[in-house]
Each structure stands twice: as structure tokens, then as C-alpha cells.
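> Kindly generate the corresponding structure for this input.
(chains A and B)
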There are 2 protein chains.
Amino acid sequence: MTAEIKLAAPQGYQALNVDTVTTYLAGLKTITARLGGDESGWKAREVGDGNLNLVFIVEGPAGAVVVKQALPYVRLVGESWPLPLSRAHYEYLALVEQGMWAAEYVPALYHHDKAMALTVMEYLTPHIILRKGLVQGERTRKWRTHIGTFLARTLFHTSDFHLSPEEKREKIGAYLTNTAMCKISEDLIFDEPYFDAPMNRHTTPQLDDIALAFRQDTDLKMAVQELKYRFMNAPEALLHGDLHTGSVMVTEADTRVIDPEFAFFGPMGFDIGAILANLFMAVFAQPGLSGGDSEHALWAGAQSEILWDHFVSEFSALWQGRSSGESYNTRLYDDAPELAEQALATRLEAIWNDALGFAGCKMIRRILGLAHVEDFEAIENQDIRGACEIRALEFARRLILERGEFKGMADILRALA
Amino acid sequence: MTAEIKLAAPQGYQALNVDTVTTYLAGLKTITARLGGDESGWKAREVGDGNLNLVFIVEGPAGAVVVKQALPYVRLVGESWPLPLSRAHYEYLALVEQGMWAAEYVPALYHHDKAMALTVMEYLTPHIILRKGLVQGERTRKWRTHIGTFLARTLFHTSDFHLSPEEKREKIGAYLTNTAMCKISEDLIFDEPYFDAPMNRHTTPQLDDIALAFRQDTDLKMAVQELKYRFMNAPEALLHGDLHTGSVMVTEADTRVIDPEFAFFGPMGFDIGAILANLFMAVFAQPGLSGGDSEHALWAGAQSEILWDHFVSEFSALWQGRSSGESYNTRLYDDAPELAEQALATRLEAIWNDALGFAGCKMIRRILGLAHVEDFEAIENQDIRGACEIRALEFARRLILERGEFKGMADILRALA
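Numbers count the residues shown, from 1 in each chain, chains lettered A, B, ... in the order given. Coordinates of the predicted model:
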């Protein structure tokens, strides 16, 4: 594959292909040592199946690496939709930050080249994409607590519960100009599903009525716009920004969160809502999938409860052990020791509430917007797929408009069943 | 007065005094023209009565200017409390931004010198500080609608209702490092009144009991910490950051908002709450002031209603006329035209709610914290002052904990009466 770049790209940038990627790596001593031998013995293949980037796996006699390179446009759409290469640098910064707090749950980093918008990192094998596992009915288990831990540690340590104001503002500044990626989320998640946007698509004619009804549903649109306002105006912590089940690679024992190129400082509930939304979609898709069954749907739903519970217990442990951060400053506890617990409970409730709202938005955009998910796409029969999607949409609408009624995961599981 | 600076100050900085300020101005052609004649005919006096800076009035045969220069420490406390000179630059940036949207309500700017942490601006005369007028029972009237307009225009035009995400993020970035000033607010408004902080002071022994009760009041501390969290995590718009009645200069016809050195992107309700808090304190202080009367207290309270109502009508007019901004994007209105009005109402309600909470915090910090206000300080009899302050504290606590019960200004006025 040769990626021919017509768009103006900054000096020093050149999109690689399976031939040039090995030449590029040959110039990097640490990578050469890792692959073993020399360039002539290396094999590269392009495996990018996402919406945005080039991804190469390069194998040598001694080992393998992944090379991820941004393209100056949205791969899913083409060169008509330019997208800044800078996202590769934000992704790298986020991987470094996440690595400080949750090293075991992110890929190891070997090399970053800002001008080339490229990062060389650990080749994860025999990992599979969590979404594929869920679609195929596989039941790896460790990822549910691993992701709970990943979320608790990365969100807590980049918030005002841990950082000083100076540190936090410096970090906010580092991601502030990842504007183009945030704009994609703002448009595709919160706006486009709710008007007749040219790139929207849905299972038709089965979803025509509900798609139209959602576009005319003022209460829903209003609540979604409030969530968008919160997305844009709540820099609580460094978010992954796109934490769906396609951004998680798993084996039975190991879990890695990849692709944080949408990283920015936003509301904690957004990352949690993203992963929950995708687990909920796995539940709704199960009855339609070949080999899918209600028992597996039930199992997928239960994973979301374990994930959330684990997040809560890890986040609470970090809170109880905290010795820094300016929010709910510990100097206030002397005369009111119960404040610490009350504050934690209030914050967790706010995160829960946000998470449900954002989860609803994330589900709707995957069914009525531009980018869809394999869970539903893998259902070949349109009528069956449509029926699954309609159930998911109705549940998503409840998550957004009636989220106050879901007091905990038990309520969610009842509604999913 | 000679300000002798022992702290390390950046190269190019030198604190001015009444002798050196004229020499400095003599080097600026535009200022020389404005003052008329030459340095030998100019007279300078230092009039800074605030907590932080040097302020000179320099008069020449043709006119006068004000020179405001930051000191590298908190003037109120002394050199033991260093404070970055950069605040002078943030103040200048904010004055320029506010001048774009509300030129008639800010002083004209003549010169800014970043290294000297100094701005030369319009000498406002015969203006008086609004707080002094209120304490003295004067009833200038125009400021109440002027401030409502100032708030509506500056908050609206620096928010996601007007700016593009790129523009907003660039502006957020420009103020992001005004950390030291935000930290003063975070400490002095939200934390210190609620523990035994060394610099706290209050009317003693009259307020000893209530001060202790507030420090042990978990519900109150919790609600205040939630407001602090919001102060730190809601960059809705560019705030003045310190909009009390001492930051407003008035004549019968003219109003100017000065001193935005605490400028940062925060929750809109914070600026509104600040001015309301100070009007409420004027109400509570009236009965204790020599010459004070209940009729004037009533009048002062009524001004807060006029100010808020005017803010609402100006903000609503801007909203209805908007053609840009990404929040509640107008492209969503085709299928649901009522969304625009509903969204405006929701946002105004959120601003109102924040404003009351922040107003409560601002009142408490002025009575139990480090920096007090002339309204109460001017009451010489300690028992009378204490009684006024206790009423104000009890009202402030209600604003924070029961603000949902105040549906509008009519409810506030009833509680103030």
C-alpha cells in the first residue's frame, strides 16, 4: 500500500508504506536491536483497521514492533477531511502519562518522532481487540478489573485530588490544542445524530422512524447538549477520550489500553461512559449475532458491573490515601473528619451520573451517526439488527433522560435484562 | 514613598515611586502629549488602597493618567508573601478583551509594559469607588444596569455560545498560567474561613461562636468545597475574577469596572456572585453604619434585583441573536425550534444557582477570612458590627446550602428584608 499524500504536510513528514517503514526503523539503533539482524530480514505489514491512521507490524528475527503513524486526513473518509498530524503527539503524551500511573495497562513505548507523527511501540501478541472477543462470545475476564484500575489511577492522578494547581494547569495546557480531535467528538457524538447530517447512516428502513423521532425529540437533544457543554467545560482529569472496546487489547491475563489520540482534560465520566456504552452495546447485539445467546448477553452486562465496582474501590483507596491535591484539601478535615468520606461519595455520584449520560450519547452516535461498531454491523439480517439497535437506542435515551433513576449497576442490569 | 524591593524581580522590572514614575512617563511620547508640557510640570501621588499594587495618579497641565504597577509581593501582607508580577499582564489582557465587548465600562488603556508589570490608563474622575458610595448612603443608579450589561457581554462573548473551540482554547491558554492569582481565591475564599488559618480574623468575641460553628459545619464545608471544585473545573468564560464593589468606579452617569488581575476562565456565576455578595453585604451593614437606615438597606437590595434582571435580558438578547459558537449549535434547531429558548433558560438557571453559591462563599470569606470590607469595618461599635455580620453569615450559609429554594430575586429580597 502506498499512501499518496496530496495535502500539505509539515516539513519532515512523509507517510510510510510497507517498504519505507523498515528503512525508517533501520535508522533507529534501539529498534534495530529489538528486531534483530538487519533490514533485509524484516517483514512489515500494514494492519490499520481504525478510522484514522496507518499501523504497521514489523517483525525481525529477534522480535517485533508496532509503528503507528498519523495521516494528515481521516482515513475512514479520505483526503477531503484533513486532520492535524499533531494528534500523534498528544497520543504519545497521553501514553507517557498513563504509563506513569498504569504502566501494566498500556503498551511500552520505544520511540516517538513528532515530525513524522509516528510512535514505535510494543507489539502486543497474542492479544485480541476486546470488541472482537465480545462479538465472538469469548469470555476473557481480567480486563474488567484491569480497566477499572486503569480508569481509577489515570483519572485520579491527573485531577485536583492529586495534582497541585500548577501541575494541573501545565498538563491542561499541554493538551489544550488537541482541538481538532475534541471537535470530532463534539460534532459526531453530540450534534450530528440529532440533525440530518450528510455522513449519518442507520439501518434503513428499520430505524427510519426512531432516527427521525430522535431528531425531533427536544428533551433528548437538550439533555445531550447539556452533556456536550459539560464535555467542553469540565477539565477534571486527563481522559483517554475514546475508550471503547476497540481501544482495548486483551488476553486472558493481560489488558492494554491503546489509541489515546483524543486525549484531553475533560469530565471523568466521559471515559467511564465510553467503556460502559460499548459493553451495553455488546449486550444488545448478542441476541442478533450468529451464535449469540442470552446467557452471553447477561455475562457481558455483568462485566460492566464488575468494572464499575472495581473502579469505585480503586478510586476510593486512592482518595483515602491521598496527601496532595487542592480539591477537598485535607487541611479541612481536622474539625470535620467525616468530610473526606462525604466528599468521595459526592464525587463518585457525580461521576456515575456523568458516565450514564455520556454512555447514552456514545450508544446513539454508534447507531445513528457516522461511525458504527462491529457488534451491530456483524448482524447480517437487517430486521434482526434493526430490532437490536432499537432496543439499544431506547435504553440509551433512558440513560440520558432518566439517569437519576439508575442508582447503581443493579438498576442498570435490570434494565438491560 | 519608596518601595524597596528585596525579592528577586525579573530583569527590566523596577518598582516606581512618585519621583521615578514621572521620569518613566516622560519616555513615552503618547503619554507626554496627554499630560502636556514636560516632566517638570507633572505631579504624581501614590493612591493605591488595594491589597496588591502601586497606583499613581500623574497630572500635567493638559491631563492626567493613572499608572498601575504590580509589586512582586502582596502589599497587604508584605514581602513575606511573594506574588508573580505576571498578574499585571493578565490584567492588561483582560482589560483589552473586556474592552472589545464593553468598551464603555472599562478604563481606556494608554500603555502596557510587560517587564515593568505596569499599565498606564485613563484617570477616572470624578468617579468614586462604588463601595464607598454604598457605605456613605449615596444612590447613584446607572451602575446597576451598566454592570448587568458588562457581565452579559463579557461572559457571553468569551464562552462557547460565541467563540469557536479554537478561539476559546487559545484564550483559555492565555490565562491558564495566572495560577498564583487563582490560588489566592482558592485558598482565601473556599478553604481558609473553614479552618483555623493563621491569617483569619473576625470581630471577636462576638463572632467566636459562629466562626467555630462554621469550621465544624460539615454540610457547609462540603458545599463550599463543591463550589471550589466548580471554580477550578468549569472554564465557561473569561471572568473578571474579583468583581466586588471596590472594583467598580462610578459617577451618576458613568460606570467603569477596574482591576481584573484575577482574570481566568471559570464559571460565569462566579463574577455574578461576587457583585451580588457585595451588594448583599452593603444591605446587612446599613443598620450599623452611622447615618445608615433601613430604607437605604432596602434600596441597596433592590439594586441587586435590577442588576440581575438586566444581566438576564442582555444575555438573552445576545443568545437570541447568536450566529456562532459550538454549544447548543444552531444547526440543531431546524427540527426543534423551541430548543433555543429551553437551552437559554437552562443555562440561566445554572448561572443563577452558581451565582448564589459563590455569593455565599464571598460573603463568608469577607467576615471570617483575611480580607475584610469597608461596609462592615466602618461600623465602629463591635457589638453592632458583630450583629450585622452574624446576620450576613447566616444569610450566606442559606445561599450556599439552600440555594435551590431561592427561585428568583424576589425570594432573595424577602430573605434580605
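> Ramachandran coordinates for A:Val58?
phi -120, psi 120 (degrees, to the nearest 10).
> Can you name the helix or strand that the closest residue to it other than its chain neighbours falls in?
Excluding the flanking residues, the one nearest A:Val58 by CB to CB, 6 or more residues apart in numbering or on different chains is A:Ala44, at 4.6 Å. C-beta coordinates here come from the backbone N, C-alpha and C atoms, glycine included. Here A:Ala44 sits within strand A:43-46, counting by DSSP states H and E.
> quick revisit: now do the residue nearest to A:Val58, the pLDDT please.
As predicted, A:Ala44 sits at a pLDDT of 98.
> Next, find the distance separating it from A:Gly63.
Going from A:Ala44 to A:Gly63 by CB to CB, to the nearest Å gives 14 Å.
> neighbour-wise, which of those two wins?
A:Ala44 (24 against 14; other CB atoms under 10 Å in any protein chain shown).
> buried residues in the strand holding A:Ala44?
A:Ala44, A:Glu46 (16 or more other CB atoms under 10 Å in any protein chain shown).
> near chain B, anything from the top helix by length along chain A?
In chain A, taking DSSP state H as the definition, the longest helix is helix A:339-368. Yes - interface with chain B: helix A:339-368 contributes A:Leu339, A:Gln342, A:Ala343, A:Thr346, A:Arg347 (CB under 8 Å from any CB of the partner chain).
> For the most far-flung residue of chain A relative to its centre, which three-state class applies?
Distance from the C-alpha centroid of chain A, by CA atoms, centre = their mean, peaks at A:Asp335 (41.1 Å). Following DSSP: H, G, I helix; E, B strand; the rest coil, we place A:Asp335 in the coil state.
> so what's it up against?
Contact analysis of A:Asp335 by CB atoms under 8 Å, 6 or more residues apart in numbering or on different chains lists B:Tyr194, B:Phe195, B:Arg215, B:Gln216.
> ok, now how distant is it from B:Leu212?
Relative to B:Leu212, and taking CB to CB, A:Asp335 is found at 8 Å.
> likewise A:Val58?
For A:Val58 relative to B:Leu212 (CB to CB), the value is 68 Å.
> How about A:Gln286?
Computed as CB to CB, the A:Gln286 to B:Leu212 distance reads 59 Å.
> Out of those two, name the residue with the larger neighbour count.
A:Gln286 (25 against 12).
> And for the residue nearest to the more buried one when sequence neighbours are not counted, the neighbour number?
Once flanking residues are discounted, A:Gln286 sits nearest to A:Ala297: 3.7 Å by CB to CB, 6+ apart. Counted by other CB under 10 Å, the residues lying close to A:Ala297 total 20.
> wait, doesn't A:Ala297 sit right on A:Gly288?
No - using CB atoms under 8 Å, A:Ala297 makes no contact with A:Gly288, being 10.1 Å away.
> quick one: the strands in the stretch 201-350 of chain A?
With DSSP state E, counting those that start in this stretch as the criterion, the stretch 201-350 of chain A has strands at A:237-239, A:248-250, A:255-257, A:264-266.
> Quick one: mean pLDDT over stretch A:167-180.
The pLDDT scores in stretch A:167-180 average 97.
> Kindly export it (C-alpha atoms) in CSV.
The C-alpha trace of stretch A:167-180 is given here as CSV (Å, rounded to 0.1, in the frame of the first residue of the first chain):
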residue,chain,number,x,y,z
GLU,A,167,1.0,20.9,37.8
LYS,A,168,-2.6,20.5,36.6
ARG,A,169,-2.7,23.7,34.6
GLU,A,170,0.6,22.8,32.9
LYS,A,171,-0.9,19.5,31.9
ILE,A,172,-4.1,21.0,30.8
GLY,A,173,-2.0,23.4,28.6
ALA,A,174,-0.2,20.5,27.0
TYR,A,175,-3.4,19.1,25.6
LEU,A,176,-5.3,22.3,25.1
THR,A,177,-4.6,22.5,21.4
ASN,A,178,-5.8,19.0,20.6
THR,A,179,-8.8,20.9,19.4
ALA,A,180,-9.4,19.1,16.1
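> Show residues contacting that stretch.
A:83-84, A:86-87, A:90, A:93-94, A:97, A:158-160, A:163, A:235, A:238, A:262-265, B:165-166, B:169, B:172-173, B:176-177, B:179.
> Please repeat the previous calculation with a cut-off of 7 Å.
A:83-84, A:87, A:90, A:93, A:158, A:160, A:235, A:238, A:263-265, B:165-166, B:169, B:172-173, B:176-177, B:179 (CB atoms under 7 Å, 6 or more residues apart in numbering or on different chains).
> Fine by me, we can end here.
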